[in-house]
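> Take a look and give me a structure for this.
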Amino acid sequence: MPKTFVTATRSPLTPLMDRFVPRDDTFPVKASAAWQSTFPSLRAQRGNPLSRHGERSVAIHLYRHGERSVAIEDTASTAHLHKDIDMNIQGQAALVTGGGSGLGEATARELARLGAKVAVLDLNMDNAERVAKDIGGLAVHCNVSDPDSMATAIETAAAAHGPARILMQIAGIGTAKRVVGKDGNAAPLEEFAKVINVNLIGTYNAARLFAAACAKLDPMDDNARGVMVFTASVAAFDGQVGQQAYSASKAGVVGMTLPMARDLAQHGIRVCTIAPGLFKTPLLASLPEPVQQSLAASIPFPARLGKPSEFAELACHIVHNDHLNGEVIRLDGALRMAPR
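Predicted coordinates for the structure are as follows:
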């Protein structure tokens with residue numbers, strides 16, 4: 001039977017261990033009532049002291065081996081302990097908005113590689129169908145800012161793959177417009193409103209419709225039902241000249257991440273946001289090489305444009321890691337944007 005030894009050096013948990021765990025060589029066969037009341041997710045099982053969710057018997061022994069160490073024995077293997085705790089992408093239905101290109105395409109491909117049933121949602125059906133064909137997914141026409149279009153896309157994907165537990169909200173647009181133009185005229189209000197409508201209202205629209213459907217699903221381990229990953233930008237924090245609309249839209253996504261995570265906690269739905277820096281998407285890749293090199297040089301380390309696959313890997317890690325919730329993660333190589 002495999003064992004994993006974890007050395008328990010002095011840490012915030014050490015006083016708790018000292019209080020509940022005797023200093024003899026072996027943890028008692030019966031877990032103390034105090035230990036179980038402190039960690040209610042660990043329940044006593046007949047013949048074994050502790051078990052998670054009553055699914056696998058886990059014997060925990062303490063040994064005095066230099067520092068105090070914990071040996072965990074699992075009847076199936078310690079790998080299954082990790083699977084019990086984290087959400088498994090394999091076999092889950094996933095929605096990827098903006099999945100036809102750039103960061104969305106990379107994320108759709110990574111989800112498919114990990115065994116998800118992926119619906120590629122995009123306004124550009126040529127792109128969506130190209131990606132869906134490559135990964136064995138489903139292409140669905142979708143405008144995230146249109147309530148009917150988004151609702152229909154969710155229903156279409158569910159009919160093919162079953163109800164989704166994963167939403168990757170990556171669709172978005174950008175623009176640059178000074179408040180007062182060179183001609184002295186004020187910036188057009190409709191351009192500002194368009195960016196807000198797609199990036200911020202579109203994100204909320206996709207989230208509310210996905211959450212309503214996901215909340216009706218049966219809970220999995222830890223009462224989890226699903227997870228949403230939004231896409232912001234470093235511009236939410238370091239907006240440049242002319243980025244008023246884009247920065248405001250992405251800052252709005254950042255601002256609603258925590259309250260939405262708190263709101264949906266009762267339903268077991270997690271919410272996180274990634275704020276990417278400069279990535280080699282098709283748009284940036286189309287720029288002249290000297291321009292790309294100049295942009296890359298502004299990134300402290302690594303001094304290169306981010307790879308879409310790196311965004312995708314982080315997005316999928318958020319799905320795996322059940323304790324990531326209500327968080328905004330910058331993915332930018334320590335970049336802080338200059339005013340221009």
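
> sec struct for Gly270, please.
If you look again at residue 270, you'll see it is Arg, not Gly. Assigned with DSSP: H, G, I helix; E, B strand; the rest coil, Arg270 falls in the strand class.

> Confirm for me that it is in contact with Asn223.
No - assessed by CB atoms under 8 Å, Arg270 is found out of contact with Asn223, at 11.4 Å. All C-beta atoms are positioned from the backbone trio N, CA, C, and that covers glycine.

> More neighbours: those two, which one.
Neighbours were counted for Arg270 and for Asn223 using other CB atoms under 10 Å; Arg270 has more, 25 against 10.

> Provide a list of residues in contact with that one.
The contact partners of Arg270, by CB atoms under 8 Å, 6 or more residues apart in numbering, come to Ala224, Gly226, Val227, Met228, Ala261, Leu264, Ile318, Asp322, Leu324, Asn325, Gly326.

> ok, now with 6 Å
Contacts for Arg270 (CB atoms under 6 Å, 6 or more residues apart in numbering) come out as Val227, Asn325.

> cool, Leu217 as well?
Counting by CB under 6 Å, 6+ apart, Leu217 has contacts Pro163, Arg225.

> so what's the backbone phi/psi at it?
Here is the backbone geometry of Leu217 (degrees, to the nearest 10): phi -80, psi 160.

> need the strands for the stretch 101-250 of the chain, in chain order.
Secondary structure of the stretch 101-250 of the chain (DSSP state E, counting those that start in this stretch): strands at 117-122, 138-141, 166-169, 226-231.

> Pull up the pairing partners for the last one, direction included.
Using DSSP bridges, the neighbouring strands of strand 226-231 in the sheet come out as strand 166-169 (parallel), strand 269-276 (parallel).

> what would those look like in TSV with mean pLDDT?
Shown next, in TSV, are the strands paired with strand 226-231 (pLDDT from 0 to 100):
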stretch	mean pLDDT
strand 166-169	98
strand 269-276	98
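
> deepest of the ones you listed, which one?
strand 166-169 (a mean of 28; mean count of other CB atoms under 10 Å).

> which outside residues touch that strand?
Against strand 166-169 from outside (CB under 6 Å, 6+ apart): 92, 94-97, 107, 203, 206, 210, 227-230, 315, 319.

> mind running it again at 8 Å?
89, 92-97, 99, 104, 107-108, 111, 116, 144, 202-203, 206-207, 210, 214, 226-231, 315, 319.

> Give the full set of residues in contact with Val140.
Val140 neighbours (CB under 8 Å, 6+ apart): Ala119, Val120, Leu121, Asp122, Ala128, Ala153, Thr156, Ala157.

> how about 7 Å then?
Ala119, Val120, Leu121, Ala128, Ala153, Thr156, Ala157 (CB atoms under 7 Å, 6 or more residues apart in numbering).

> now swap in Gln292 and tell me
For Gln292, the contacting residues are Leu284, Leu305, by CB under 7 Å, 6+ apart.

> Tabulate the contacts of Val140 (CSV), appending neighbour count and distance to Val179.
Putting the contacts of Val140 into CSV (neighbours: other CB atoms under 10 Å; distance: CB to CB, whole Å) gives the following:
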residue, neighbour count, distance to Val179
Ala119, 28, 39
Val120, 34, 37
Leu121, 33, 33
Ala128, 28, 35
Ala153, 24, 35
Thr156, 17, 41
Ala157, 25, 40
